[in-house]
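Trainee: Got a predicted model here, sequence first, then my questions.
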Amino acid sequence: MKIPKLAIFLFLVLGFTTPSFGQAAASPTTGSPLEVKNAVGTVLLAGMVGGVLGLSTLSFYDRPQDNIRNIYFGAGGGMILATIYMTLTVATNPLPANLKGPVGLVLPPLMPEIDFEKKVIGLSYTHNFH
């Protein structure tokens, strides 16, 4: 199987570059595993490390070309293990202090519409703009 040089070049350029934002405000979860880019980076890195480990097993075979699947198994295993690790990390990691607190649903007040005979004919939402 031949992989075009352009595909390898695009993978390296797009896979290892990170966007930069000059004066982006730091979020409460900056640098934590709660960030999606950190989780995706960890999974991709584990896949590459697993692929290298699978590649290293080829030297133990008489005909390595018959066992190329070890690279795919290593990459897939690394990505699966990293996904499990990141899921457990995010699930067991407590929220930062500024994200804790009561969570509620804020609805605008309902005002009954009353006719002249003091019968409720409907409800309407009211909202005060500040």
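Mentor: That came through fine. Numbers count the residues shown, from 1 in each chain.
Trainee: So what's the residue count around V36?
Mentor: 10 (other Cβ atoms under 10 Å). Heads up, the C-betas are built off the backbone N, CA and C, glycines and all.
Trainee: Could you check how far it is from M86?
Mentor: 10 Å (Cβ to Cβ, to the nearest Å).
Trainee: How about P4?
Mentor: Distance from P4 to M86, by Cβ to Cβ: 31 Å.
Trainee: Looking at those two, which has the bigger crowd around it?
Mentor: M86 (20 against 8).
Trainee: Just the pLDDT for the residue lying closest to the more buried one once chain neighbours are set aside.
Mentor: Nearest non-adjacent residue to M86, counting by Cβ to Cβ, 6 or more residues apart in numbering: A39, 4.6 Å away. Looking at A39, its pLDDT reads 83.
Trainee: need the longest helix for the protein.
Mentor: helix 69-92 (DSSP state H).
Trainee: Would you indicate which residues of that one are buried?
Mentor: 70-71, 73-75, 77-79, 82, 86 (16 or more other Cβ atoms under 10 Å).
Trainee: quick one, helices of the chain?
Mentor: Going by DSSP H, the chain shows helices at 5-16, 36-56, 69-92.
Trainee: any idea how far G77 is from F9?
Mentor: In this view, G77 and F9 are 27 Å apart by Cβ to Cβ.
Trainee: next one: G51
Mentor: G51 is 18 Å from F9, by Cβ to Cβ.
Trainee: Is T57 in contact with I68, as I believe?
Mentor: No: contact between T57 and I68 fails when scored by Cβ atoms under 8 Å: they sit 10.6 Å apart.
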